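In: Sequence and predicted model, in that order:
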Amino acid sequence: MGCDIITVSTDTEFVHLAWRKSEKELAKVHYPMAADPTGNVSRLFGVYDENTGLALRGTFIINPEGVLVNSEVNFYNLGRNIDESMRKFKANVYMSRKTSEVCPSKWKDEGDKTLTPSEALVGAVHEALQN
């Protein structure tokens with residue numbers, strides 16, 4: 001997909017190793033799992049909880065220019081959906097080339113309907129998506 005994926009948590013590298021060895025959901029993970037036990041990286045992204053010493057579950061998409069183009073932060077008990085993360089990633093790549101268009105929430109891949117912002121679109125998004 002032309003991107004780098006890095007996970008970061010306040011767990012240590014030893015906890016990550018234990019997870020990789022025992023959790024079947026991580027069997028196919030081939031990207032770096034970075035340890036942030038001091039919370040420094042988590043603080044930079046605004047997800048560190050000083051009361052617990054843990055990080056909320058954040059997903060951040062940063063473009064090649066180093067600009068944050070998407071962020072999602074969930075509480076500890078809500079997992080993230082890789083399909084939705086990939087949809088947002090692809091939408092951001094597509095929209096970086098099509099800067100006059102906007103991406104509706106149900107957009108999934110290139111060729112799906114996009115919209116062009118205008119005064120006429122206000123209150124008529126549903127109708128515009130049906131055409």
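Out: Sure, I can see it.

In: show me where this protein has strands.
Out: Applying DSSP state E to the chain gives strands spanning 7-9, 33-35, 48-49, 54-55, 57-62, 68-74.

In: now, of those, which is deepest in the fold?
Out: strand 54-55 (a mean of 19; mean count of other CB atoms under 10 Å). Every C-beta, even on glycine, is put in place using the N, C-alpha and C of the backbone.

In: tell me what it is packed against?
Out: strand 48-49 (3 or more CB pairs under 8 Å, 6 or more residues apart in numbering; DSSP states H and E).

In: Which neighbouring elements make contact with the strand it packs on?
Out: Using 3+ CB pairs under 8 Å, 6+ apart, strand 48-49 sits against strand 54-55.

In: contacts for the strand it packs on?
Out: Identification of contacts with strand 54-55 by CB atoms under 8 Å, 6 or more residues apart in numbering yields 8-10, 36, 39, 42, 47-49, 76.

In: for stretch 100-108, same thing?
Out: In contact with stretch 100-108 (CB under 8 Å, 6+ apart) are residues 87, 90-91, 94-95, 112-117, 125, 129.

In: in that stretch, what's buried?
Out: 103, 107 (16 or more other CB atoms under 10 Å).

In: Report the mean per-residue pLDDT for it.
Out: Average pLDDT, stretch 100-108: 91.

In: Tell me the span between the first and last residue of that stretch.
Out: 18 Å (CA to CA, to the nearest Å).

In: Quick one: distance of the helix-or-strand element of the chain with minimal mean pLDDT to the chain centre.
Out: Using mean pLDDT, DSSP states H and E, the weakest-scoring helix or strand in the chain turns out to be helix 13-22, at a mean of 85. Relative to the mean C-alpha coordinate of its chain, helix 13-22 is positioned 23 Å out (CA atoms, centre = their mean, to the nearest Å).

In: what comes into contact with that helix?
Out: Looking at helix 13-22 with CB under 8 Å, 6+ apart, the contacting residues turn out to be 9, 11, 26, 29, 33, 35.
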